[in-house]
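Undergrad: Model the following, please.
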Amino acid sequence: MNKTLKNLLRYFTTKTTAKLPKVDEQEITYQDKFNNMVTVTKMKDGNFDKVTQTNKNSDFEFLCDTYSYDLLNTAETVKVYWESYHSKRSLEKDKYGRLFHYRYDEEMNFDGGDDREDILWTMVADEADSDELSQKGGLSLLREPYVASAETNWVAAHEIIEKQS
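TA: Have a look, this model is predicted:
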């Protein structure tokens, strides 16, 4: 195991984990202090991709702070790009002062099942960055860091941990 991965393992086992992690050469999997499953994967550029799997009722660690679905869902709306009953795009500001481009899309299910909901908060640098994202769709909005959710109660927080020099 390389030195960077060992240092990252040491950090996670002393600072954030509730249980000892599972480790291999490229990946660490552990439970955070909220008992959410977290996977940290080494990327080719030496940085790490951190993905936290949780649900709409649990807190989770994101960008070194405690987040929740409710915290994001009650963020202050700064600017609305469009809004309809089944879709919304807006610029949101959370309690930490971070800006997120918010996307909500609902697909109606007329066969009696749950409606499909796609919910995404993509962190942006400023209003101009959000303005640019408002003109895009699909996978271009999955730019880390971001938090995604759906009608099934799951929440996934994605972020990059930069390698330490």
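
Undergrad: where in the protein is pLDDT low?
TA: For the chain, applying pLDDT under 70 flags the ranges 1-25, 108-115, 165.

Undergrad: can you pull out the strands in it?
TA: Chain-ordered strands for the chain, with DSSP state E as the definition, fall at 22-23, 27-31, 37-42, 48-55, 59-62, 65-68, 76-84, 87-93, 99-107, 116-124, 146-150, 154-161.

Undergrad: looking at those strands, which is buried most?
TA: Compared across those, strand 59-62 shows the largest average neighbour count, a mean of 22 (mean count of other C-beta atoms under 10 Å). (Glycine included, C-beta is placed from N, CA and C.)

Undergrad: May I have it exported as CSV, CA atoms only?
TA: Extracted as CSV, the C-alpha positions of strand 59-62 are listed here (Å, rounded to 0.1, in the frame of the first residue of the first chain):
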residue,chain,number,x,y,z
ASP,A,59,-26.8,13.3,8.5
PHE,A,60,-23.6,12.8,6.5
GLU,A,61,-20.1,14.3,6.2
PHE,A,62,-19.7,16.5,3.1
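
Undergrad: Relative to that strand, what are the paired strands and their orientations?
TA: Strands that pair with strand 59-62, judged by DSSP bridges, come out as strand 65-68 (antiparallel).

Undergrad: Around residue 141, count how many other residues there are.
TA: Neighbours of residue 141 under the rule other C-beta atoms under 10 Å: 18.

Undergrad: mind listing what it touches?
TA: Residue 141 sits next to 101, 103, 120, 122, 133 when contact means C-beta atoms under 8 Å, 6 or more residues apart in numbering.

Undergrad: again with residue 76
TA: Here residue 76 is in contact with 92-94 (C-beta under 8 Å, 6+ apart).

Undergrad: please redo it, this time with the cut-off set to 7 Å
TA: 92-93 (C-beta atoms under 7 Å, 6 or more residues apart in numbering).

Undergrad: Check the gap between it and residue 82 for me.
TA: Computed as C-beta to C-beta, to the nearest Å, the residue 76 to residue 82 distance reads 18 Å.

Undergrad: again with residue 56
TA: 24 Å.

Undergrad: go on, residue 105?
TA: Applying C-beta to C-beta, the value for residue 105 to residue 82 is 11 Å.
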